[in-house]
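Visitor: Take this sequence and fold it.
(one chain, ligands or ions: 1)
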Amino acid sequence: MNEERINSLKPGEARSTGPSVQDILDRDGDNPPAPFRDQSYQYLGSDDLTVDRYICPDYAALEAERMWTKVWQMACREEEIPDIGDHIVYDIVDWSFIIVRTGKDDFKAYYNSCLHRGTQLRPSASEGHTENFRCPYHGWTWSLEGELIVQPCDWDFPHTKDRDFSLPQVQLGRWGGFIFINMDDDCEPLEDYLGVLPAQFESWPMEDRFMSANVRRYLPCNWKVAQEAFIESYHVVETHSQALPMTGDANTQYDIWGDNVSRLYTLNGIPSPHEKNPLSDTEIARMLMAGVGQSPIEGDLVLGPGETARSVYTAALKEDLKDKFGADLSRLTTTEVLDPIEYFLFPNFFPWFNFSLPLVYRFRPDGLDPDKCIMDVMLLHPVPDEGPRPEPAPLTVLGPDDSFSKAPELDQISAIFEQDVVNMPMVQKGMKSSRKGITLGNYQEIRLRHMHQTLDAYLAAE
Ligand SMILES: [Fe+2]
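Guide: Presented below is the predicted three-dimensional model:
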């Protein structure tokens, strides 16, 4: 885009010279569901952000007090606790919660703290199966429903008889096979908080997926530094330049809805607008097909009339996914199968729609240290059309110095994640030498600004 043209536009109106996402969907010609036709960008200002929000302990403490105590946050998948008595411990900042299945379709979430002297009833980050929750210190015991059922030497506690000693609960909500909790007893219902998210996933509900990978990595940076490495495609040109021949990075579509939801919509199977000598569609098709091990099309691929790299690769992916997971994806359109479409729910939850790389991310502070965080990565593949639901993948835990390649279940994504992770401590350290703050692109980095504006609103509220 030339300088004169850019100067004539209002802030936020400029776009990459490449075809838009909507142009390519037109070219696909297979009429994707309405959510993929939505466009919802809004200019939110161009001011710098301060770096204190990433590096200051006081800021992390304020986030804990005013934000983490007020928001709906994804605690686990329902499939992780399939039987009554199965439970999982979800930790956020310095708080810990037990999420337990109490019935075929019932769940409860408790503060993970004994009402006697405060001991954790279950260790942080643990999971298991139990008939009841017995404190390992003095043996006070609660039923799955949270009723105090054993109080050793109860003759010594006559003063507790008229008090409620059932386990305190946090708010619990469910969407798409995910369980969310909220520490605020007066919070808005989860359905309202989710905004457009359920409608966006209507064509293939997240309940109909299973966790084929579940990987946790501890990282040496602020939780927002980590998640902002995955919130825009602007960094692809520098950090993942190997993807440029077949990735529409600079022409990614960014959408924001309300306070809590945003989307990145990148196209696969088209050359980056950065490419000076873009590959032909046939060359892109050959490159993509090489990545599908069980592709039915082999040898020197030639595109037929009306075929594109996107159409032939999508067809191959549908076959490949059917072979691997037994799910018939034939009704899905090209974009639903092929394109990285990443949604965000404030403050830290990233469910992707697409099937070729069906990721979910969650980022959390690790305690109150602003320089540490926890990244959870899941893959949510479709459940088979027939037969039992597959067991969810066991959790793989990686330390800050472990490579994602130690989690083979992540397959070829590991190498891409490693490219992202290398930047993170450089960002965290670099911010501490910053003398100006963070400058953001008006369009490509709108999701960062949107997220920070919602965060600011929580921090400003008393
Ligand atoms: Fe990246």
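
Visitor: in the protein, which ranges drop under the pLDDT threshold?
Guide: 1-2, 291-299 (pLDDT under 70).

Visitor: For it, which segments count as helices?
Guide: 3-7, 21-28, 52-55, 57-62, 190-193, 197-200, 223-228, 236-239, 281-289, 309-325, 334-338, 413-432, 446-460 (DSSP state H).

Visitor: can you give me the strands for the stretch 151-300 of the chain?
Guide: Under the criterion DSSP state E, counting those that start in this stretch, the stretch 151-300 of the chain carries strands at the ranges 171-175, 178-182, 209-219, 247-257, 261-268.

Visitor: what's the span of stretch 230-238, first residue to last?
Guide: 14 Å (CA to CA, to the nearest Å).

Visitor: Please read the previous query as pertaining to stretch 405-412.
Guide: 9 Å.

Visitor: about what we covered before: out of the helices of the chain, the one nearest Pro392 is which?
Guide: When those are compared by CB to CB, helix 309-325 sits nearest Pro392, at 13.6 Å. Placement of C-beta: from N, CA and C, glycine included.

Visitor: Adding distance to Arg101 as columns, could you present the strands of the stretch 151-300 of the chain in CSV?
Guide: Below are the strands of the stretch 151-300 of the chain laid out as CSV (distance: least, CB to CB, whole Å):
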stretch, distance to Arg101
strand 171-175, 11
strand 178-182, 9
strand 209-219, 16
strand 247-257, 32
strand 261-268, 28
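
Visitor: how about those, which one is nearest Gln444?
Guide: Judging those by CB to CB, what sits closest to Gln444 is strand 247-257, at 6.7 Å.

Visitor: Paired strands for that closest one, with orientation please.
Guide: Paired neighbours of strand 247-257 in the sheet (DSSP bridges): strand 261-268 (antiparallel).

Visitor: Just tell me which of the strands of the stretch 151-300 of the chain ends up closest to Gln453.
Guide: strand 247-257 (9.6 Å).

Visitor: buried stuff in that closest one?
Guide: Thr247, Gly248, Asp249, Ala250, Asn251, Thr252, Gln253, Tyr254, Asp255, Ile256, Trp257 (16 or more other CB atoms under 10 Å).

Visitor: Now do the contacts for the first one.
Guide: For Thr247, the contacting residues are Ser233, Val236, His240, Thr266, Leu267, Asn268, Ile270, Ser272, taking CB atoms under 8 Å, 6 or more residues apart in numbering as the criterion.

Visitor: Please list only the buried members of these.
Guide: Taking 16+ other CB under 10 Å as the criterion, what is buried in the contacts of Thr247 is Ser233, Val236, His240, Thr266, Leu267, Asn268, Ile270, Ser272.

Visitor: Surely the first one is in contact with Thr252?
Guide: Yes. Ser233 is in contact with Thr252 according to CB atoms under 8 Å; the separation is 4.1 Å.

Visitor: shared neighbours of those two, which are they?
Guide: By CB under 8 Å, 6+ apart, the residues touching both Ser233 and Thr252 are Leu264, Thr266, Gln444.

Visitor: mind checking how far the last one is from Gly437?
Guide: In other words, Gln444. 18 Å (CB to CB, to the nearest Å).

Visitor: Which of the two has more residues huddled nearby?
Guide: For Gln444 versus Gly437, neighbours defined as other CB atoms under 10 Å are more numerous around Gln444 (21 against 13).

Visitor: what residues are up against that one?
Guide: By CB under 8 Å, 6+ apart, the residues touching Gln444 are Glu232, Ser233, Tyr234, Ala250, Thr252, Tyr254.

Visitor: does the fifth one really touch Asn268, like I thought?
Guide: No. The pair Thr252 and Asn268 does not pass the contact test of CB under 8 Å, sitting 11.1 Å apart.

Visitor: re earlier: distance to Ser8 for the contacts of Thr247 - can I get that in TSV?
Guide: Converted to TSV, the contacts of Thr247 look like this (distance: CB to CB, whole Å):
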residue	distance to Ser8
Ser233	26
Val236	28
His240	32
Thr266	27
Leu267	27
Asn268	32
Ile270	27
Ser272	26
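
Visitor: Next, the distance between the ends of stretch 261-274.
Guide: Start-to-end, stretch 261-274 (CA to CA) is 28 Å.

Visitor: same question, stretch 271-278
Guide: First residue to last in stretch 271-278 (CA to CA) measures 6 Å.

Visitor: and it, how far from the chain's centre?
Guide: In terms of CA atoms, centre = their mean, to the nearest Å, the centre of stretch 271-278 is found 29 Å from the chain centre.

Visitor: For that stretch, buried residues please.
Guide: Within stretch 271-278, the residues that qualify as buried are Pro271, Ser272, Pro273, His274, Glu275, Pro278, counting by 16+ other CB under 10 Å.

Visitor: For the first one, what are phi and psi?
Guide: What it means is Pro271. phi -70, psi 150 (degrees, to the nearest 10).

Visitor: quick one, what contacts it?
Guide: Per CB under 8 Å, 6+ apart, neighbours of Pro271: Leu244, Pro245, Met246, Gly248, Pro278, Leu279, Ile284.

Visitor: so who does the second one touch?
Guide: Read that as Pro245. Pro271, Ser272, Glu275, Pro278, Leu279, Glu283, Ile284, Met287.

Visitor: Could you double-check that the fifth one sits in contact with Leu288?
Guide: So that's Leu279. No. Using CB under 8 Å, Leu279 is not in contact with Leu288; the gap is 10.5 Å.

Visitor: who's more crowded, those two?
Guide: Leu288 (24 against 17).

Visitor: could you check the distance from that one over to Tyr59?
Guide: 43 Å.

Visitor: Same question for Asp26.
Guide: From Asp26 to Tyr59 the distance is 45 Å (CB to CB).

Visitor: These two: which is more packed in?
Guide: Using other CB under 10 Å as the criterion, Asp26 and Tyr59 rank with Tyr59 on top: 17 against 12.

Visitor: Pull the contacting residues for Tyr218.
Guide: Asp366, Lys372, Cys373, Ile374, Met375, Leu398, Gly399, Pro400.

Visitor: Chain neighbours aside, what residue packs nearest to the fifth one?
Guide: Read that as Met375. Arg217 (5.0 Å; CB to CB, 6 or more residues apart in numbering).

Visitor: check contacts around the one you found.
Guide: Ile374, Met375, Val377, Val397, Leu398, Gly399, Pro400, Asp402, Phe404, Val421.

Visitor: can you tell me which of these lies nearest to Gln453?
Guide: The nearest one, if we look at these relative to Gln453 and count by CB to CB, is Met375, at 23.2 Å.

Visitor: The closest one bridge partners, please.
Guide: Arg217, Phe363.

Visitor: my read: Ser203 touches Leu329, true?
Guide: No. Using CB under 8 Å, Ser203 is not in contact with Leu329; the gap is 11.4 Å.

Visitor: Looking at these two, which one has more neighbours?
Guide: The neighbour comparison of Ser203 against Leu329 (other CB under 10 Å) goes to Leu329, with 19 against 16.
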